[in-house]
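Engineer: Requesting a structural model of the entry that follows:
(one chain, ligands or ions: 1)
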Amino acid sequence: MKPFEYARPTTEAEAVEFLGEAGVQAVILAGGTDLTSLMRAELVSPTRVVDLKQIPSLHQVTRLEGGVQIGALVTLADLAKNSLLDGYRSLFDVVDGVRSIQVQGSGTIGGDLCHLPNCWYFRKGYGLLGQENGISLPETGDNRYHAIFGNEGAAKFVNASRFAPALMAWGAKVRIVGPSNKTSSRDRSSGSSVDAEWLPLEYFHVTPKTDQQGNTILKPGQFVSHIWLPDGNQISSATYEVLQMEGLDWPLATASVCLDVDGGFVRDASIVMGHVAPIPWVADDASRWLSGRQIDEDTAGMVADFAVLSAKPLSMNEYKVQIARTAVKRALLKATGQLEV
Ligand SMILES: Cc1cc2nc3c(=O)[nH]c(=O)nc-3n(C[C@H](O)[C@H](O)[C@H](O)COP(=O)(O)OP(=O)(O)OC[C@H]3O[C@@H](n4cnc5c(N)ncnc54)[C@H](O)[C@@H]3O)c2cc1C
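Structural biologist: Numbering: from 1, shown residues only. Below you'll find the model as predicted:
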C-alpha cells in the first residue's frame, strides 16, 4: 500500500474542502471493507483518504418530505434495526443475503452504492473494462460472472451494488455533495452551505465507454451523503438473490420488485435486476405488462420470461439468463406472499 494522508472531517463542508484541494487525489473511506483491499492491491492509490465517519448527519435515518432519508454511513446492521424502515422489506432481504455479521456491522449503504466491480480482470489490474493491449479479456476469456445485459460496448462487468436494484425499484434518490452541483443547501452538521443535488438513483450508475470513466456519475470531489425513499405504506416489495454459497458471497443475479396491488390486481409495478449488467437493469416493459394483472405462478413466470427476453449472454454465461429469470419470478411471488424464503 502506498503512503497517504488521512483526513477526518466532522462536517459535509469540511469533507468537500478535503476532497477538493488542488493537487490531491482523494478517496472516500466509509466502512472500508472494500476500499482497504483495493488500496492494498494498489488498484486505488490515493494521496489522501477522507474518512466520513465523524460526520453525524451521515449516520442518521430521518423522515423527510413524504419519505425517509438514510445517511450514506448507515451500516447494514443499523439499517435492519431502524423502525422507520420497517415497511421496506426488499432492503431487509438484501441485508439478510449478506451473510456476515462483520460486513453487516461495518459495510455502509453508501459504500455499497459506490462499490467498484468485483470483475476479476478489474481486480487483477486490467482496469474497469478489463483490457490488455486493447483486447477485451472478458470478451475473449472467462466471462462466466459477467454481464448478460448492456454488454454491447466495452464494459462487460456487472454492477456490484446489492442495494441499488432494491432502492431503484422504490424510486430512490441520492444526494450528491460537492463541486458543480447546482443547489446550495445547508450542511446540518456545520450550519454552513454546501453544493448539493438530489438525483434519481437510476441516473447514478453509468456504463463506462473508456477506462478513464468511472462507473458512477460522481466527479472528483463529490460524494453521496444521503439516500431518500418515498413512503412505502401501500407497497409490497421483495428482493430475491441467487447466491452460490451459504456464506458470504456475491450474487449471480438478483431481482427486486415493488408492487402496488389493489384488490389482488397490480396497479403499478417496478422490477429491477442486479448483477446482470454494468448498471442495475430496469425491466420496464415487463413491469408495465403486469399492470391490471393478478400475480400467480403463471403470470410471474411470464413476466420473468419477458424480463430476460433481451438478454445477450457472453460465451460462458448463458446460465445466468435462467438465473435472472428465476430471480424475477421468485421476487414477485415473495412480494405477494406466495413464496416463503
Ligand atoms: C473480505 C470481504 C468480503 C466481502 N464480500 C462481500 C460479499 O461477498 N458480498 C457483499 O455483498 N459484500 C461483501 N463485502 C462487503 C462490501 O465490501 C460492503 O458491504 C460494502 O459494499 C462496502 O461498504 P463500505 O462502507 O465498507 O465501503 P468502503 O470500502 O469504505 O468503500 C467502497 C467504495 O465506495 C466509495 N465510497 C464509500 N462511501 C462513499 C460515499 N458516501 N460517497 C462516495 N463514494 C463512497 C469508496 O471510496 C470505495 O471506492 C465484503 C467485504 C470484505 C472485507
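
Engineer: which residues in the stretch 1-150 of the chain form strands?
Structural biologist: 5-7, 26-29, 48-51, 61-64, 67-71, 131-132, 135-136 (DSSP state E, counting those that start in this stretch).

Engineer: most packed of the ones you listed?
Structural biologist: Most buried of the strands of the stretch 1-150 of the chain by mean neighbour count (mean count of other CB atoms under 10 Å) is strand 67-71; its value is a mean of 22. Yep, even glycine has a C-beta here, placed from its N, CA and C like the rest.

Engineer: average model confidence for that strand?
Structural biologist: On average, the pLDDT along strand 67-71 is 97.

Engineer: gap between it and the chain center?
Structural biologist: 16 Å (CA atoms, centre = their mean, to the nearest Å).

Engineer: Could you check it against the ligand for contacts?
Structural biologist: No: using CB under 6 Å from any ligand atom, strand 67-71 stays clear of the ligand, with a minimum separation of 9.0 Å.

Engineer: What strands flank that strand, and is each parallel or antiparallel?
Structural biologist: strand 61-64 (antiparallel), strand 223-230 (antiparallel) (DSSP bridges).

Engineer: Convert it to CSV, retaining C-alpha atoms only.
Structural biologist: Provided in CSV are the C-alpha atoms of strand 67-71 (Å, rounded to 0.1, in the frame of the first residue of the first chain):
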residue,chain,number,x,y,z
GLY,A,67,-40.4,9.6,2.8
VAL,A,68,-37.3,8.5,4.6
GLN,A,69,-33.8,9.8,4.3
ILE,A,70,-30.9,7.4,5.0
GLY,A,71,-27.4,8.7,5.7
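
Engineer: List the contacts of Thr62.
Structural biologist: Contacts for Thr62 (CB atoms under 8 Å, 6 or more residues apart in numbering) come out as 68-69, 84.

Engineer: Surely Asn159 is in a helix?
Structural biologist: No: under DSSP: H, G, I helix; E, B strand; the rest coil, Asn159 sits outside any helix and is assigned coil.

Engineer: Am I right that it is in contact with Met273?
Structural biologist: No: assessed by CB atoms under 8 Å, Asn159 is found out of contact with Met273, at 10.0 Å.

Engineer: what's the neighbour count on the residue in the stretch 101-250 of the chain that the ligand sits nearest to?
Structural biologist: At 2.2 Å from the ligand, Gly111 is the closest residue in the stretch 101-250 of the chain, using CB to the nearest ligand atom. When neighbours are counted by other CB atoms under 10 Å, Gly111 registers 24.

Engineer: before we move on, what about Glu202?
Structural biologist: Neighbours around Glu202, by other CB under 10 Å: 16.

Engineer: Surely Lys320 and Val308 touch.
Structural biologist: No: with contact defined as CB under 8 Å, Lys320 does not count as touching Val308 (9.2 Å).

Engineer: any idea which element Met273 lies in?
Structural biologist: strand 265-274 (DSSP states H and E).

Engineer: which neighbours do Lys320 and Val308 share?
Structural biologist: Common neighbours of Lys320 and Val308 (criterion: CB under 8 Å, 6+ apart): Ile148.

Engineer: can you list the residues of this protein near the ligand?
Structural biologist: Checking the chain against the ligand by CB under 6 Å from any ligand atom, the hits are 27-35, 72, 98, 103, 106-108, 110-112, 114-116, 162, 218, 223-224, 248-250.

Engineer: Among these, which lie within helices?
Structural biologist: 35, 103, 106, 110-112 (DSSP state H).

Engineer: Out of the residues you listed, give me the two with the largest separation.
Structural biologist: Within these, Val103 and Gly110 form the most distant pair, 14.5 Å apart (CB to CB).

Engineer: who's more crowded, these two?
Structural biologist: Comparing Val103 with Gly110 by neighbour count (other CB under 10 Å), the higher total belongs to Gly110, at 25 against 17.

Engineer: which residues do Asn159 and Met273 both contact?
Structural biologist: In contact with both Asn159 and Met273: Pro280, using CB under 8 Å, 6+ apart.
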